[in-house]
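> What shape does this take:
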Amino acid sequence: MKELWVEKYRPTKVDEYVFKDKAQRSQVQNWIDDQGIPHLLFSGSPGTGKTTLAKVLIAELSVEKADVLYINASRDNGVEMIRKRISAFSETMPWGEFKVILLDEADHISPEGQAALRGVMEQYHATVRFILTCNYPNMIIPALHSRCQGFHIEELDHTDFTVRVGEILAQNAVQFDIETLDAMVRANYPDLRKTINTVQMMIVDNTLAMPDTDSGSSSEWRLGMVDLFRSGKIQDARKLIVKSARADEYNDIFSWLYKNLDLYTKNDYQYDSCVLAIREGLIKHTQVADPEINLSATMIEIARTLNE
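Numbers count the residues shown, from 1 in each chain. This is a model prediction of the structure:
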């Protein structure tokens, strides 16, 4: 079975992890040198390495395997999870210096669950450290923010991001052209994990190849979307998205529209007007009965702005 590149190139040591902020690297190294951490809240866009950094840190702290509990809160996120799993794990003494609970996607935990978590953090603060990761820190209640040291992981800029993916291709002797690579980066930026997966899937005869964008898969219609936006064909892009995207992908599309404004706007007026249209659409996204109509309306506003 072919090894997944996203696992092959996942950092396992702090020296392998790419920090955009040198001060953050120094902070992490200090924790490793001290062999101790406070409660932590890692935030940042999907695919920027929050969970990877948490696991690297746990490994570098030499925490006993029996003292580590990992929970994906996007699937297990209610009060019962806090009571049954976290409390039960926390109440026994650690084998080493302390236990670590890694709560991935903690912004999915209900407000009631987060309130219960606060109580557990207070009760077992002497023997348990919590590392929370989240995409949206505003979804974490203030009581947890106040008990954790915040650590926002900035996404790599577009150039560094592209260089990193290009390095992986070169290490595997894959032939590619910059235009094809840029399209695949644009389709998934700033999610490095998704980009690496997409690139690996699109290799044919050891060459990075553009797929048939009519196939309907998420990776492929996103590439078609990039090409249409680059060509200024916003209405065609809207039709492609409505035809191909799942409802649970709409949130990511709003994020993509914002992250890639430089791809389809030509001046400050267009940029600012599109930001306002995206913001308005995102606000309404959770309020309207039909999210597809709302997304379509947002893209119509963008198209009108670009045609003014």
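
> Go ahead and confirm residue 250 touches residue 291.
Yes: using CB atoms under 8 Å as the test, residue 250 is close enough to residue 291 to be in contact (5.3 Å). The way it works is simple: take the backbone N, C-alpha and C, and place the C-beta from them, glycine included.

> shared neighbours of these two, anything?
Common neighbours of residue 250 and residue 291, counting by CB atoms under 8 Å, 6 or more residues apart in numbering, are residue 285.

> Nearest residue to residue 16 in space, ignoring adjacent ones along the chain?
Spatial nearest neighbour of residue 16, chain neighbours left out: residue 56 (7.8 Å); criterion: CB to CB, 6 or more residues apart in numbering.

> Show me the shaky parts of this protein.
1, 212-218 (pLDDT under 70).

> okay, now the domains of it?
The record assigns the chain these domain ranges, following automatic domain parsing: 5-152, 232-308.

> Dump the ones you listed into TSV; add mean neighbour count as well.
Compiled in TSV, the domains of the chain are given as follows (neighbours: other CB atoms under 10 Å):
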stretch	mean neighbour count
domain 5-152	17
domain 232-308	16
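
> Put together a markdown table for these, with distance to residue 176 on each row.
Shown next, in a markdown table, are those (distance: least, CB to CB, whole Å):
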| stretch | distance to residue 176 |
| --- | --- |
| domain 5-152 | 14 |
| domain 232-308 | 20 |
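
> Now do the strands in this protein.
Counting by DSSP state E, the chain has these strands, from start to end: 40-43, 68-72, 99-104, 128-134, 149-152, 203-204, 207-208.

> want to throw those into TSV with distance to residue 298?
Conversion of the strands of the chain to TSV gives the following (distance: least, CB to CB, whole Å):
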stretch	distance to residue 298
strand 40-43	25
strand 68-72	31
strand 99-104	30
strand 128-134	25
strand 149-152	27
strand 203-204	34
strand 207-208	32
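
> for the ones you listed, which one sits closest to residue 224?
strand 207-208 (16.4 Å; CB to CB).

> tell me the centre residue of the protein?
Taking CA atoms, centre = their mean, the centroid of the chain lies closest to residue 46, which sits 0.4 Å from it.

> For the residue lying closest to that residue once chain neighbours are set aside, list the residues it contacts.
What sits nearest to residue 46 in space, not counting adjacent residues and going by CB to CB, 6+ apart, is residue 191, at 5.1 Å. Contacts for residue 191 (CB under 8 Å, 6+ apart) come out as 45-48.

> How about residue 40?
Neighbours of residue 40 in contact, by CB under 8 Å, 6+ apart: 54, 129-132, 148-149, 151.

> hmm, try it at 7 Å
By CB atoms under 7 Å, 6 or more residues apart in numbering, the residues touching residue 40 are 131-132, 148-149, 151.
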